[in-house]
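Asks: predicted coordinates and the sequence they were generated for:
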Amino acid sequence: MSRLSKVLIVLLISLGLAYYWLLVNAGPGGIAARQIDLPALRAEADSLSGKRPTGITFAVLATRSIPSASLAAGTGLRQVTEGIVAWQIATPKGGIVVDTGLSPADAEAMGYSDYDPAAMRKVDGWMGAAEQILFTHAHIDHVGRFLDHPEFDAISPKALVTSGMLGGINALWRENGSHIAKTRNLAPIEAVAPGVVVIQTPGHTPASQMVYVRLASGREYLLTGDTASLAANFENGTPRSRLVADILAPEDRPAVIGWVKGLQSMRQRYPALVILPSHDADWLSANTEKLGLNSASADQGKR
Ligand SMILES: [Zn+2]
């Protein structure tokens, strides 16, 4: 074998190993599923009296194409659309917003070229009308538009910010972040409105949360935040790639693996529960009707 062939073989093996480690490996293995107790969530959701929510609408503020494996290890290089998604839970008192997306400048800085200003105005209006604003975690693509809201001082008292989350917001170094006057720490599962329960799920960030919603119709949803960015995370029980989770946007990988395995087993046990990933724009648009969701962009006209 020539020297050149040897060098090429070593190079190919190294590339293969790097690809496997950075984009395929879903380990470490042997991590137990972190169980989310659905009957306990239901009981907590019923602990506050009043009318339950009537629906959930999502708005996609920006999109970009990424390889599926980056956000769901081992799912290959097929391009999927990663979306910045904000959610509105319809309640009798003006709605509850979960995650607010970000502003155009931050979207551009993150590599999102396709920003929808009509969706941004819609989400700004949601925050203005809302009774509460919740966040799954304090990353810029989830809290950014809240911090940049044109009437920040009027809307900020409606935001439920835990002390851990405030630490994350302060790390973003936004002027308005320093104006947040109060925090409220929650129990591991705690109802914040009739039919709406916040669940502490540290892992993606130390103060990450999920939000469980039980509608008046009885239909149930679980908003996972970035613990499951794509449906593939809970369908396959796989976390983000090591490229993203260990290097680009570090997280507590063993904890996240425990949660995605927990979501996977929940999905098998309770097939009627709708588990909602945070960034899966393709999956959301393909399943909007089937999941009983409303899309804000449907009434904004074609983007
Ligand atoms: Zn995110």
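Replies: That came through fine.
Asks: I figured P53 was touching I96, is that so?
Replies: Yes - between P53 and I96 there is a contact under CB atoms under 8 Å: 7.4 Å. (C-beta placed from N, C-alpha, C; glycine too.)
Asks: so what sits against both of these two?
Replies: Counting by CB atoms under 8 Å, 6 or more residues apart in numbering, the residues touching both P53 and I96 are I89, A193, V196.
Asks: most surrounded residue in those residues?
Replies: In terms of neighbours by other CB atoms under 10 Å, the shared contacts of P53 and I96 top out with I89 at 27 neighbours.
Asks: got the buried residues for the helix or strand hosting that residue?
Replies: Using DSSP states H and E, I89 sits in strand 79-90. By 16 or more other CB atoms under 10 Å, the buried positions in strand 79-90 come out as V80, T81, E82, G83, I84, V85, A86, W87, Q88, I89.
Asks: make JSON lines from the residues you listed and add pLDDT and distance to the ion to it.
Replies: Compiled in JSON lines, the buried residues of strand 79-90 are given as follows (pLDDT from 0 to 100; distance: CB to the ion, whole Å):
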{"residue": "V80", "pLDDT": "95", "distance to the ion": "14"}
{"residue": "T81", "pLDDT": "95", "distance to the ion": "14"}
{"residue": "E82", "pLDDT": "96", "distance to the ion": "9"}
{"residue": "G83", "pLDDT": "97", "distance to the ion": "10"}
{"residue": "I84", "pLDDT": "97", "distance to the ion": "8"}
{"residue": "V85", "pLDDT": "98", "distance to the ion": "9"}
{"residue": "A86", "pLDDT": "98", "distance to the ion": "11"}
{"residue": "W87", "pLDDT": "98", "distance to the ion": "13"}
{"residue": "Q88", "pLDDT": "98", "distance to the ion": "18"}
{"residue": "I89", "pLDDT": "98", "distance to the ion": "19"}
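Asks: what is the nearest of those residues to W173?
Replies: Closest to W173 out of the buried residues of strand 79-90 is I84 (20.0 Å), distances taken as CB to CB.
Asks: tell me who's in contact with that closest one.
Replies: Contact analysis of I84 by CB under 8 Å, 6+ apart lists V60, L61, A62, T63, G101, L102, A107, Y112, D141, H279.
Asks: narrow those to those in strands?
Replies: V60, L61, A62, T63 (DSSP state E).
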